[in-house]
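Visitor: sharing a model prediction with you, sequence too.
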Amino acid sequence: MTSEPSWDFYRSFLTVLQHGSLSAAARELGLTQPTIGRHVDALELAIGAELFTRSPNGLLPTDAALALKPYAETLAATTAALLRTASSQRERVTGTIRISASEVIAVEVLPAILGPLQDAHPELQIELSASDAIEDLVNREADIAVRMAEPQQDALVVRRIGDIPLGFHAHRRYLERYGIPQSVADLAHHRLIGFDRQTAYVRLVMKRYPVPDGIKFAYRTDSNLAQLAAIRAGVGIGLCQIGLARENADLVHLLADAFNIPLGTWVAMHESLKSSPRCRVTFDALVNGLQDYYRYSTSG
């Protein structure tokens, strides 16, 4: 009777797939390279197919490996969720909670919310995933998510925070050198900070808020954090959250009456987590803290 492959085999396989070599996977998992090799060999034997081929650039995944990848990723997410659930004791705010949020929110807004939360609950441990990619709450890739797009999945508890406003901003140093644009059309004569690629979200924004002809991005990056840093450094004019810009007296809000983008914001978690003390208090802290940030961003 053939036994089921150990989860350790799938974990080693997935890590090799992510890092491209046995040695890198061994460092990541804290195991030896021969152990990783044995795990991959055992998994290949169990499924009856080769998973990697060697190349000058490392190990390349075969079609069989790529077919297994989404299932191994699901196993990894499920295992991590199981451990987080097991670490929480009933009625005690303890254990680990994983929060997913966009880069800017995670770096610029959440620390002021999560720090006091951990002060109040010292046994609470937080994993913060700072990424603009949407993590799957139903499959428990995260416990709670702060989303800039309305959650569409069923079985979620969702609270809408509001529309956080974005606007054009520039550092005073840049404006002293290049002048202040008086209209959206004037932006064509300025150094603009924007995206390198037109993602689905960027195309949606440009469809809703058409950019006049002649306006091009002279400083391009797909990272919202990098764009914000460029604005703060006086590189040029770019879009950022009004609430963040207000914290820096040297950032000037431009064309406030002519251009404003509302950024819808929601907090969501799987409904099965409502009874978890650590999830409940974290969800409430995020909702209350983000509502305070929203009010600050939209105040006169």
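Guide: That came in fine, so what should we check first? Residues are numbered from 1 along each chain as shown.

Visitor: sticking with Val252, tell me its helix or strand.
Guide: Secondary structure from DSSP states H and E places Val252 in strand 251-254.

Visitor: which other helices and strands contact the following helix or strand past that strand?
Guide: Under the assignment DSSP H and E, the closest C-terminal helix or strand after strand 251-254 is strand 261-270. Packing partners of strand 261-270 (3 or more Cβ pairs under 8 Å, 6 or more residues apart in numbering; DSSP states H and E): strand 144-147, strand 156-171, helix 277-298. Every residue, glycine included, has its C-beta placed from N, CA and C.

Visitor: out of those, which comes closest to Gln227?
Guide: Among the helices and strands packed on strand 261-270, the nearest to Gln227 by Cβ to Cβ is strand 156-171 (10.4 Å).

Visitor: next one, pLDDT for Ala46 please.
Guide: According to the prediction, Ala46 has pLDDT 88.

Visitor: who's in contact with the closest residue to it other than its chain neighbours?
Guide: Nearest non-adjacent residue to Ala46, counting by Cβ to Cβ, 6 or more residues apart in numbering: Pro5, 4.4 Å away. Listed by Cβ atoms under 8 Å, 6 or more residues apart in numbering, the contact set of Pro5 reads Ala42, Leu43, Ala46, Ile47.

Visitor: can I get those residues in a markdown table with neighbour count, distance to Ala112 and secondary structure?
Guide: Conversion of these to a markdown table gives the following (neighbours: other Cβ atoms under 10 Å; distance: Cβ to Cβ, whole Å; DSSP: H, G, I helix; E, B strand; the rest coil):
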| residue | neighbour count | distance to Ala112 | secondary structure |
| --- | --- | --- | --- |
| Ala42 | 16 | 48 | helix |
| Leu43 | 21 | 45 | helix |
| Ala46 | 14 | 49 | helix |
| Ile47 | 16 | 48 | helix |
